[in-house]
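Engineer: structure, please.
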Amino acid sequence: MTFKPLLKQASGPALGILCFGLVCSAQALSLQVESGEITGVRGIEIQGELYDLTFTDGSFNGIYSADDDGYGQLARGAANALLAASDSGAIGAAANWKEGLKLRGCAASESCTILIPEHSAGAAPSADTTFAVEVIYAQGQFRSVTAKLWPFHAGTDTKHMPDMMYAVLAPAR
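Structural biologist: The predicted model follows:
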């Protein structure tokens, strides 16, 4: 048997497996919505693993667990995964998506910045400065990811900043 007929015979099952895989990964992502606000994203794939992200206000030193100094390369991976989920339409296709949803902790009307800590000078609860990847959320989509890390004083509380909040990463449940 030559390669072309073999490819034709295998294309049906292979295509089915591919489609099943795409459907499964699309269903894995879900928005967490409470009181009309997005509180997080569950089942987002980062570096081949599934994670949950929760959006929250506070300070780096108050939110992150003791001895935490950031997520390393997972921070940029999480930011890019959010952007990819918006670009692919997966966010808009989520079961509880509605037009006009804001992120929890975002009082600004135009856009919000999500801080995902990569590393810090020191560890929580006594870090001095944290360096975060920024994800911009505007008009119902994750729009961009900054190339440079943003230095942020680890004791500054984002509750007093209407357009910023942190993302907390955890392995998917």
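
Engineer: okay, and for this structure, where does confidence drop off?
Structural biologist: By pLDDT under 70, the low-scoring segments of the chain are 1-28.

Engineer: quick one, helices of it?
Structural biologist: 3-28, 60-63, 73-88 (DSSP state H).

Engineer: now do the shortest one: everything it contacts.
Structural biologist: Outside helix 60-63, the residues that touch it by CB atoms under 8 Å, 6 or more residues apart in numbering are 56, 117, 120, 124-127, 130, 152, 154-155, 157, 166, 168. From N, CA and C alone the C-beta is placed, and that goes for glycine too.

Engineer: of those residues, grab the buried ones for ChimeraX.
Structural biologist: Selecting only the buried entries of the contacts of helix 60-63 in ChimeraX, with 16 or more other CB atoms under 10 Å as the criterion:
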select :56,117,120,124,125,127,130,152,154,166,168
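
Engineer: now the contacts of helix 60-63 as TSV including distance to Gln32?
Structural biologist: Putting the contacts of helix 60-63 into TSV (distance: CB to CB, whole Å) gives the following:
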residue	distance to Gln32
Thr56	12
Pro117	20
Ser120	26
Ala124	23
Pro125	26
Ser126	30
Ala127	27
Thr130	24
Phe152	24
Ala154	26
Gly155	27
Asp157	22
Tyr166	15
Val168	12
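
Engineer: which ones among the contacts of helix 60-63 lie within strands?
Structural biologist: 56, 117, 120, 130, 152, 166, 168 (DSSP state E).

Engineer: of the residues you listed, just say which sits nearest to Gly77.
Structural biologist: The nearest member of the ones in strands among the contacts of helix 60-63 to Gly77, counting by CB to CB, is Pro117 at 13.1 Å.

Engineer: leaving out the residues flanking it, which one is nearest to that closest one?
Structural biologist: The spatial neighbour of Pro117 that comes closest, neighbours along the chain excluded (CB to CB, 6 or more residues apart in numbering), is Gly70 at 4.1 Å.

Engineer: so how many other residues sit close to the one you found?
Structural biologist: The tally of other residues near Gly70 (other CB atoms under 10 Å) stands at 21.

Engineer: what sits against it?
Structural biologist: 117-120, 130-132.

Engineer: where's it relative to His160, distance?
Structural biologist: Gly70 sits at a distance of 22 Å from His160 (criterion: CB to CB, to the nearest Å).

Engineer: Ala75 too?
Structural biologist: Computed with CB to CB, the distance linking Ala75 and His160 is 23 Å.
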